[in-house]
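In: Sequence plus the predicted model coming up.
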Amino acid sequence: MEDQADLLAEKTLRAKCSAGMYNFSPKARNMRRRLDNLESLLVEAYSLPRRDPRKMTVRNRMSESIQEFTLHAFQVDGYRCRLPFIRLFFSILLPNKDKPSSHEILFIPEWDSSAQSDQQEQEDGIFKYPLILFRATDKAMHVVEQWLEQAFDCYLVNLSFQRPVMEGLLEDWKFHLVDTPPTEDMRIKVPNSRQKEIAGVTIEYEFKEAELSQLRFTFGIKQIIDIHKKLSDNKLTLIEALESHLHRVVRIKVWKLKMARITLDDFSIQHDGTLKFINGLPRTNLIRYLKRLTSLEQSDSRK
């Protein structure tokens, strides 16, 4: 199976979570029929013109308006799991549009440190994909959720990332400050996409009062290292060190505010469930982020 870690990078994705899916596997005998069911749901939802059944072949789509429709498995080298990553992709050309709209759903398996290098089928028939990342319209995603519910007894829940999650991801990112700098071949690169220069960390906070604007603070890499060193004797986490520094400078107890977004040089995450792995991120960090995100309980994401 091919390593396609770049499928995760340089895309603004929204996140949902799932408790599990029954017999959700590209290798399942009835997967082709179930994918046909998804096509049928899309044709119905978008009122697409159907192809004449008498002229259809195995390779034909149910409607000429569905221009691409694929589901395939891939892997992320270094990420230990019993199941493959799965990508569902389809594009639809509506009658009144010049270009098709593309929709992509990525199913991320849970991390399993005991897993062998070769993915294994689930004996109980429950396939655990706790993190679903997608780039699709609300309408298209609603159809996919309807299909997952009908075909695999799967229910998706919107994720919203709370302060503890963001703080944990910031701690994961901190490791690459002290690690040996990753070589170029250890970075996840997206073809024909520009790699972002290392800038540091930007943290955005929101006030409860709607009339007040957001607060945004940016720290350079050297500044972050200096602040953390000065406060390391107090055994503070990185976010505690940064917020202690901010309190001394702006006299605002920022730790009491809602954390709306953290933007790093290789990753961005928002409270509303939006995230982005930035082109050129170290593979070790991608794996750290995925491990944390797939280990979230649904309740944790909403605290």
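Out: Perfect, thanks for sending it. All figures in this text were calculated on a predicted structure; none of them were measured in a lab.

In: Where do the helices of the stretch 201-303 of the chain begin and end?
Out: 221-231, 238-250, 283-294 (DSSP state H, counting those that start in this stretch).

In: swap in the stretch 51-200 of the chain?
Out: So, for the stretch 51-200 of the chain - with DSSP H, counting those that start in this stretch - the helices run 138-152, 163-178.

In: would you list those helices in TSV and tack on mean pLDDT, distance to Val43 and mean neighbour count?
Out: C-beta coordinates here come from the backbone N, C-alpha and C atoms, glycine included. Shown next, in TSV, are the helices of the stretch 51-200 of the chain (pLDDT from 0 to 100; distance: least, C-beta to C-beta, whole Å; neighbours: other C-beta atoms under 10 Å):
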stretch	mean pLDDT	distance to Val43	mean neighbour count
helix 138-152	97	10	17
helix 163-178	89	38	17
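
In: Kindly reformat these as TSV containing distance to Ile239.
Out: Shown next, in TSV, are those (distance: least, C-beta to C-beta, whole Å):
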stretch	distance to Ile239
helix 138-152	32
helix 163-178	5
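
In: Minimum distance to Glu10: which of those has it?
Out: Ranking the helices of the stretch 51-200 of the chain by proximity to Glu10 (C-beta to C-beta) places helix 163-178 first, at 17.3 Å.

In: Pass me the low-pLDDT residue ranges in the stretch 151-300 of the chain, would you?
Out: 178-179, 197-198, 209-212, 232-233, 297-300 (pLDDT under 70).

In: Pick the most buried one from the helices of the stretch 201-303 of the chain.
Out: Compared across the helices of the stretch 201-303 of the chain, helix 283-294 shows the largest average neighbour count, a mean of 20 (mean count of other C-beta atoms under 10 Å).

In: what packs against that one?
Out: With contacts defined as 3 or more C-beta pairs under 8 Å, 6 or more residues apart in numbering; DSSP states H and E, the packing partners of helix 283-294 are strand 101-108, strand 131-135, helix 163-178, strand 187-188, strand 274-277.

In: The helices of the stretch 201-303 of the chain: which one's closest to His176?
Out: Among the helices of the stretch 201-303 of the chain, if distance is taken as C-beta to C-beta, the winner is helix 283-294, at 5.6 Å.

In: Name the residues that touch the closest one?
Out: Here helix 283-294 makes contact (C-beta atoms under 8 Å, 6 or more residues apart in numbering) with 5, 8-9, 15, 76-79, 108-111, 130-131, 165, 168-169, 172-173, 175-176, 179, 182, 186-188, 266-267, 275, 277.

In: from the middle of its chain, how far away would stretch 271-281 be?
Out: 7 Å (C-alpha atoms, centre = their mean, to the nearest Å).

In: now do stretch 99-111
Out: On C-alpha atoms, centre = their mean, the centre of stretch 99-111 falls 9 Å from that of its chain.

In: same deal with stretch 93-104?
Out: Worked out by C-alpha atoms, centre = their mean, stretch 93-104 lies 23 Å from the chain centre.

In: I'd say Leu169 and Ser268 touch.
Out: No - at 10.0 Å, Leu169 does not count as touching Ser268 under the criterion of C-beta atoms under 8 Å.

In: follow-up on the earlier one: put the buried members of the contacts of helix 283-294 into a PyMOL selection.
Out: Selection command for PyMOL covering only the buried members of the contacts of helix 283-294, criterion 16 or more other C-beta atoms under 10 Å:
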select buried, resi 5+8+9+15+76+79+108+109+110+111+130+131+165+168+169+172+173+176+182+187+188+266+267+275+277
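
In: residues near the closest residue in space to Ile221 that isn't next to it in sequence, how many?
Out: Leaving aside its sequence neighbours, Ile221 sits nearest to Gly200 (C-beta to C-beta, 6 or more residues apart in numbering; 5.1 Å). A total of 14 residues lie near Gly200 under the criterion other C-beta atoms under 10 Å.
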